[in-house]
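> Need a 3D model of the sequence below.
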Amino acid sequence: MTDQSQPMEGTPLIAPSSTDHPLYEQIVEACRTVYDPEIPVNIYELGLIYTIDIDTENAVDIKMSLTAPGCPVAGEMPGWVADAVEPLPGVKHVNVELVWEPPWGMDMMSDEARLELGFM
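Got it, this is the predicted structure:
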């Protein structure tokens, strides 16, 4: 008999987002204004935004990745995301962290991104 209190697969590779928070949709829309300069699709639809965590005081913690570790704008893109989200009314503070696990893959793109890039 297995212990049902322990997850069988362990912790998820991507932490869940605060989707039920009132600011969540506005933050997603702000993330959709940021584009990878080499790809004509916003970073949210590309699947580069892994987690949007919003605490009770409206501090926002975003975990994101890039299409490749050698991305020429790797040092700049987290700042672009913070600059897009921080001005939203009600947002207290934004922290954007680059993560490499799990590695980004084309399967993380939305259907809209696949269509735009000709993969559908």
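> Would you check that Lys92 makes contact with Ile54?
No - using Cβ atoms under 8 Å, Lys92 makes no contact with Ile54, being 9.4 Å away. To be clear about C-beta, it is placed using only N, CA and C from the backbone, and glycine gets the same treatment.
> neighbour count winner among these two?
Taking neighbours as other Cβ atoms under 10 Å, Lys92 and Ile54 compare with Ile54 leading, 23 against 12.
> give me every residue that touches the more buried one.
For Ile54, the contact set (Cβ atoms under 8 Å, 6 or more residues apart in numbering) comprises 18, 21, 23-24, 27, 60-61.
> Quick check: helices, which of the residues you listed are part of them?
Secondary structure assignment by DSSP state H places 24, 27 of the contacts of Ile54 in helices.
> Output the contacts of Ile54 as a markdown table; include the columns neighbour count.
What follows is those, written out as a markdown table (neighbours: other Cβ atoms under 10 Å):
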| residue | neighbour count |
| --- | --- |
| Ser18 | 17 |
| His21 | 17 |
| Leu23 | 19 |
| Tyr24 | 16 |
| Ile27 | 24 |
| Val60 | 26 |
| Asp61 | 16 |
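> Pipe the contacts of Ile54 into JSON lines and attach distance to Asp36 and pLDDT per row.
Supplementary listing: these in JSON lines, determined by distance: Cβ to Cβ, whole Å; pLDDT from 0 to 100:
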{"residue": "Ser18", "distance to Asp36": "24", "pLDDT": "89"}
{"residue": "His21", "distance to Asp36": "26", "pLDDT": "92"}
{"residue": "Leu23", "distance to Asp36": "24", "pLDDT": "96"}
{"residue": "Tyr24", "distance to Asp36": "22", "pLDDT": "96"}
{"residue": "Ile27", "distance to Asp36": "18", "pLDDT": "97"}
{"residue": "Val60", "distance to Asp36": "21", "pLDDT": "97"}
{"residue": "Asp61", "distance to Asp36": "21", "pLDDT": "97"}
